[in-house]
Structure formats: structure tokens, C-alpha cells
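Peer 1: requesting a structural model of the entry that follows:
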Amino acid sequence: MSGIVLSASVRQNLLSLQSTADLLATTQSRLSTGKKVNTALDNPTNFFTAQSLDNRASDINNLLDGIANGVQVLQAANTGITSLSKLLDSAKSIANQALQTTVGYSTKSNVSTTIAGATASDLRGTTTYTSASALSNVLFSGAAGGVTAATSSTTLGGTIGTVTGTAVNDNQGTPAAITASTKLYDTGATGGLSTAAATQFTDGSSFTVNGHTVTFKAGAVPTTAPAGYGTSGNIATDGNGNSIIYLGASATSSTATVGDVLTAIDLAGGVKNAVVSAGAATITTNTSQTASSITGGKITLETSTGADLSVIGKADLLGALGLTTATGSGNATVTAARATGSGSLASLITDGSTLNVNGKTITFKNGGTPAAANVPSGSGVTGNVVTDGNGNATVYLNKGTVADILNAVDLATGVQTASIASGAATLSTASGQTNSSIVAGALKISTGATSDLSITGSGNALSALGLTGSTGTGTAFTASRAAAPGSISGKTLTFTSFNGGTAVNVTFGDGTGGTVKTLDQLNAKLQANNLAATIDANGLLTVSVINDYASSTIGSVAAGGVIGGTITTALTWTNATTPTVDAVAQATRSNLVAQYNNIMSQIDTTSVDSSFNGVNLLNGDQLKLVFDETGKSSLNITGVTFNSKGLGLAALVQGTDFIDNAATNRVLTSLNAASSTLRSEASTLGSNLSVVQVRQDFNKNLINVLQTGSSNLTLADTNEEAANSQALSTRQSIAVSALSLANTSQQSVLQLLR
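Peer 2: Residues are numbered from 1 along each chain as shown. As a prediction, the model looks like this:
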């Protein structure tokens, strides 16, 4: 070939064509492979760098399968935990069902004793009481200055008050002042009231004195008095202040006089007293009272010492007697008030006021104290008090004293008793009691021993006697008896710790300072020691175990709860009884034990079945996951053993477990602990699964990064290479044409040689 000689132009064209062919071949290779670097000769640096990136991406990709398997192992373990949690819930349901069944014993162990008189509100037993005393506000007499303390002899009534009317003339031809004998209604000239005045006293006319009625009636005094009334002269009276004045047989034979009117007023006002018997009335002026009178034609009305006077009637009627200057058919009122003095209380008790003492009634009545012969049947009089012997009494205000009130109060409280005979009451002080008294002006009232003191009242009795408290506005006066402790007061009751409870040490007392009085307070102490108490209507106090420990015996070596304290010497306690088995209830509980044990078997098999690809994180296996090609980044997951034993659970024993609520509660405690363990492990697995999934996603993204980097180093730009291929094809075509032209010049020389 060396002998061939080519012209310069041919050789030049040939070289150009060869270069184009080489470039075209390179371009076509890039287009066919999609890479611009296919061998180390193309670009050693890019080739080996890309190869390194691809190798690393391949190594990491190989790890993804292991990571994916690890995720499934964790998912299998999580599925197992979910199933185990449901099985534990079923076991809890069985245990709770056991708690809701009959306790398993028809009777529980108990000890008991009888405390006489004990109740749920006071366990101390029969309480005895002694009388106490309470002081009223200080009472003063009516002496000037208002600071003189009252005494037991201070009277309840005041000083007599009076009211005097105007002079009235009779109907004589020669006017003359009326007298007590002046007739009320007489048309003759025999000393009656004037015709105008006389016309006011007609059949049915009346007026009222201190709430009592004085009525005028036409006709002579009947031979038979109205029912409940007795007659005296022209007057019929009921003995309680109401009167009927009979005017006479006719207008010309009137018998009623002004004196009869005054007598009727005095009967109603308490100045006089009428004893009614067999239709007759015996009228007398009460002791220390002054009868109303008439002097110089002027009527003077007197109050009693026990009540103020109030006369209410038609003005014309009262005016006919000179008692008012008012006229007309409307009512007028005539009054006279008592006054207080050194011998009376500064505040006078009003007629009709009452005291209610421990349910008994003391009534204050205006009028003189009746004689023994005149008191109601079954009652008796002592001093100025009439008592029915049952604690109810009437205190007569005309002559009554503070001492009379104290006696009446003592009769109501039982401090004093009354022996009644022939209308007289003989008082005696009850054994161990002290009569009420007045000390430095204050009433010192004994409560008595039968009940606490409670005094209420009507009218002004409470305030007048200083029983309205420090404010003076109280509506009741009360005081408590002195209570003596019951039979076990001050005694102690102890129980040693029973089934792990808090030992009991109580002292019986009034419920203060840590002492125990009521059943509720005792149970509050016993509850912490797993015991409870009841008491029946006969005072039988029973201490028994609570339902949780129904199978235990009080005082046994196993359970504890030995009774002691000073109460054991004061009372006789029964020996502790043993619990009585309820066969039906225990059969139910035994069936629940069998159901529970079946759940435990399912827990064991579920934990074994929670595996994936031979790895079981709930059966003690280990899991190691590698995240990078060097093995330096990895995660070691330590498995657990979550069979029943691993969860702290065990099959139950018939006749021991579920036998009572305490045994059942112990099982529930274990189940709750197992649930907590499962939840904790589920949280750990969840955390590990999250880490693995994050690394799985990271590796996938990293592989993409590596492969992208490798491609960036070796991949060809197909657009550029396509353009190059097109240009090289054109260039090759031109080079071929040029070579043809060069060869043509040589052929011309050849033609010459031919």
C-alpha cells in the first residue's frame, strides 16, 4: 500500500472523510446508549465517579428489602399486641362480673355485743340527765329610777287605776244626783234615770268590758238561770266576766240599778269574782281590789291590779251614765290604766298572755285567785296558781308574784310535782332537783331532767319576764339539761390490722376531739381496716368484714383483726363467727374462673403466633435493621415475652381465686398492670416503626439522589447528539463529493495516457 501515491487533495479529502466517520460513529454510539460516557476512555473521571454512585445506590437498594421485612415484623407485633389487649379486656370483664355476683357467702365473719339504749345517733347507750339552770335577763321593779332588782315577792299586778265620769241626775221632779240604787229603766218618779237616759237600756243593748260582754235584757230575773250562769240580784253571770242585767218585769217596775251596772263592770274587770253553783252566783270583791263606786252622781270605775280597764259601748248608752261626753249610736271607749310601783314588776304582764314550757301551758289571768272549793275538778290551788297536776297552770295576776311564776314553770318542767286533794295543791320538789329561783333580779330557771328547756309565749309574757335574750327580740328561751355519759362513754375499742387495713383505735364520747358517738363516725374508723358496723333497734352492735374480704375470719392468724380495748371488759362480745359459704354463688364464681383460664390460654397462643418471616418480637426474638451500606447505621429492637407469664398473669385456682371481692380485686390489679405493660410496649413499637419508616423513605430518596448524580455525569444530551449526527451526515456527504472531484482530476491524466 505504501507504493500507492495519492494526490494531496485526495489524501486531504480522505482524511476529512475518515474524521467525519469517526465523529459520526461516536455520535451514533451516544444516541444508541443514551450516554455520553460509556467507557473510561470517554471520560475517566466521570465514568468512575458515576460507577461509584451507581454501586452505592445498588448497595442501599439491596437494604430496602430487609427494611421492608422489618416493617412487617413490627406490624405483626403490633397486631399481636392489639389482640392481646382485647383478650385482657375480656379477662377484665370476667373479673368485674365476679365482683357483681353474690359475694359468695351467706353470712360474713362478725363479732357483736348489746349496748343498752344505744342508737345509730348515740352508740354510748342509755344517757342519764341532770337538771341544769339558765338565767333570764334582769327583771326590775317599778320603783323610781328603774334599777331596783325584782324579788320573788314582786307582784305581777300593778297599782289600781281609776276613771271618773261626769255627774248625772235622776228623773225626780227636783233633780238629784244618781246613786247606786238609781234604777236604770223606770217611767215612774221613784228615782230612776232620766227618760232620755233610760231609753238607752233596752232589751239587747250591751257594752264590752276587757273583752267580756255585759248585756241588758227586758224582764224579771228568771227563776232558772241560763245554762252555765248563776244569778245574784238582778244579775246573771257565768263566773268568767260575762253578765246579763235583767231590767225588770215592765217599764213601771224596773229593778236593775246603776249599782248592778257597776257590779257587772267589776266582774268583767277582775275587781270582783263570782262563784257559780246550782244556778246561783256568789259575788265578792277580790282581795286588795277596790269596787267601782258613785259619789255625787259621778261614777268612778276601778281597774283590778291584774289588768287595765277598757269599756266599749254605744256612746249614748255610756253617756247616760256620765262615762263619756260623746253622743250618737257609734261606739265610745272608756279606759283606765294601772300603774307600776316599787312592789310590782316594771313591766306588767297582760291578761291572757301565756307561756308554753316544754309543751305545757301557763296562762296569766286577770282576777282573784279562787278558793280551793271553787277550782275546777281535778285541779288544785297553791298560792296564786291553779294547776291541773299535769304541768298546765293558771297564774292569777291580781295577787300573783314572781314566786308563783317560778312554781308554775317548775310544775311544767317536772322540777316540782303537785299533789291535789280537795282543790288544794301541795307542791314537792322532785328527787335530785333544785327549784327555780330569782337571783339578783334574774330568773334562774331549772331545766329539770326529763327534757331540755324550751319556753315560748304569747302576749307580752316572754318580754315582761326577761326571756327574750340579750337583744330583747328573741322568740324562745331554751337551755339544755346536763347529760351524763352513756354506759360506754370513755371506753376504747381496738382492732388490729385486718387483711392489711389500718388498725382501729377509737374512744367513745360526745363525737368531738376525735371521739366516736354515732354509727357513721364508727364506720369511718372501721372502713380503713376493712370492717363495717351496724346496730339494730335493740342496741345490738355488730362489727363484720366488708364484702371484699368475705372469706376471712375476724381475729384469725391469716387475716388479723383481733378485738381489744377497755370496751371488752365493759361489754360481753360474741366470739368471731366464721363465714358461711353460699354454694350457688361460689359455683358461679368457679365457672368464671374457668372462663378466665381459657383467656389465659388464648393469650399464650396469640403471643406465639405474632411472628413474620420467622421473627416474633412478642416471643423474645431480636430484630436488627441496617440502614446504610457500611452497616454503621442500624436499629436493634429487643423483643419481649408477652405470654400470660410474661405479662405477670397466671391461671386462677378454683376455690382460691374469685372466692371473694378481695381475691377478685387482686386479679383485676394484675390485669390492669398487664394492660399498662401492653400499652407501653405498643408505644415503643410504634416509635420504632416510625423510625424504620422514616429511614425506609430516606433510603429510597437517597437512591434517587445517587442515581440522578450518576446520570448527570454520563448521560448524553440526545438533542445535541441528534443535531451532531445530522451535521456529520451532511459533512460526510460533502466529503464524499470532494473526494470524487479529486479523483476526477486524476482520471483526466489517465485519459491523456490512453
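Peer 1: what's the helix or strand for the spatially most central residue of the chain?
Peer 2: For the chain, the residue sitting closest to the mean C-alpha position, by C-alpha atoms, centre = their mean, is Asp520 at 15.3 Å. Using DSSP states H and E, Asp520 falls within helix 519-527.
Peer 1: before we move on, the earlier item: OK, contacts around the closest residue to the residue nearest to the centre of the chain other than its chain neighbours?
Peer 2: Spatial nearest neighbour of Asp520, chain neighbours left out: Ala120 (7.7 Å); criterion: C-beta to C-beta, 6 or more residues apart in numbering. (Glycine included, C-beta is placed from N, CA and C.) Contacts for Ala120 were tallied using C-beta atoms under 8 Å, 6 or more residues apart in numbering; they are Thr518, Leu519, Asp520, Ile535.
Peer 1: do you know how far Ala120 is from Ala533?
Peer 2: 10 Å (C-beta to C-beta, to the nearest Å).
Peer 1: intersection of neighbour lists for those two?
Peer 2: The contact lists of Ala120 and Ala533 share Leu519, where a contact means C-beta under 8 Å, 6+ apart.
Peer 1: now the residue lying closest to Gln602 once chain neighbours are set aside: which helix or strand?
Peer 2: Nearest residue to Gln602 in three dimensions, chain neighbours excluded: Leu87, at 5.5 Å (C-beta to C-beta, 6+ apart). Using DSSP H and E, Leu87 maps to helix 44-100.
Peer 1: so what strands line up beside the next helix or strand after that helix?
Peer 2: Remark: after helix 44-100, the chain's next helix or strand is strand 105-107, criterion DSSP H and E. Its sheet considered, strand 105-107 pairs with strand 580-581 (antiparallel) by DSSP bridges.
Peer 1: domain assignment for this protein?
Peer 2: The chain breaks down by the TED database into domains covering 67-103+584-701, 105-125+487-581, 133-155+343-482, 162-336.
Peer 1: out of the ones you listed, which comes closest to Gln12?
Peer 2: domain 67-103+584-701 (55.1 Å; C-beta to C-beta).
Peer 1: so how far is that closest one from its chain's centroid?
Peer 2: 45 Å (C-alpha atoms, centre = their mean, to the nearest Å).
Peer 1: would you mind measuring the gap between the ends of it?
Peer 2: One end of domain 67-103+584-701 sits 14 Å from the other (C-alpha to C-alpha, to the nearest Å).
Peer 1: now do stretch 387-407
Peer 2: Taking C-alpha to C-alpha, the first and last residues of stretch 387-407 lie 10 Å apart.
Peer 1: ok, stretch 168-181 next?
Peer 2: For stretch 168-181, the end-to-end distance is 13 Å (C-alpha to C-alpha).
Peer 1: show me the helices in the chain, by range?
Peer 2: For the chain, the helices defined by DSSP state H cover 8-33, 44-100, 195-198, 258-269, 315-320, 402-413, 461-464, 519-527, 567-570, 583-609, 661-714, 718-753.
Peer 1: let me see the contact set for Gln586.
Peer 2: Gln586 touches Gly104, Ile659, counting by C-beta under 8 Å, 6+ apart.
Peer 1: restricting to C-alpha, output stretch 475-489 in PDB.
Peer 2: What follows is stretch 475-489, C-alpha atoms only, in PDB (Å, rounded to 0.1, in the frame of the first residue of the first chain):
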ATOM      1  CA  THR A 475     -89.000  34.400 120.500                       C
ATOM      2  CA  ALA A 476     -87.900  31.500 122.600                       C
ATOM      3  CA  PHE A 477     -85.900  30.800 125.700                       C
ATOM      4  CA  THR A 478     -84.000  27.500 125.700                       C
ATOM      5  CA  ALA A 479     -81.500  25.600 127.800                       C
ATOM      6  CA  SER A 480     -80.100  22.100 127.700                       C
ATOM      7  CA  ARG A 481     -80.000  19.600 130.500                       C
ATOM      8  CA  ALA A 482     -76.700  18.300 131.800                       C
ATOM      9  CA  ALA A 483     -76.100  15.000 130.100                       C
ATOM     10  CA  ALA A 484     -74.300  12.200 131.900                       C
ATOM     11  CA  PRO A 485     -72.200   9.900 129.600                       C
ATOM     12  CA  GLY A 486     -73.700   6.600 128.400                       C
ATOM     13  CA  SER A 487     -72.500   3.200 129.500                       C
ATOM     14  CA  ILE A 488     -69.500   3.000 127.200                       C
ATOM     15  CA  SER A 489     -68.500   6.700 127.200                       C
END
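Peer 1: my guess is Asn242 meets His212, correct?
Peer 2: Yes - assessed by C-beta atoms under 8 Å, Asn242 is found in contact with His212 at 5.0 Å.
Peer 1: list residues touching both of those two?
Peer 2: With C-beta under 8 Å, 6+ apart as the test, Asn242 and His212 both reach Ala268.
Peer 1: how much space separates Leu623 from Ser83?
Peer 2: From Leu623 across to Ser83, the span is 19 Å (C-beta to C-beta).
Peer 1: settle it for me: which of those two has more neighbours?
Peer 2: Comparing Leu623 with Ser83 by other C-beta atoms under 10 Å, the one with more neighbours is Leu623, at 20 against 17.
Peer 1: so the more buried one makes contact with Ser634?
Peer 2: No - assessed by C-beta under 8 Å, Leu623 is found out of contact with Ser634, at 10.6 Å.
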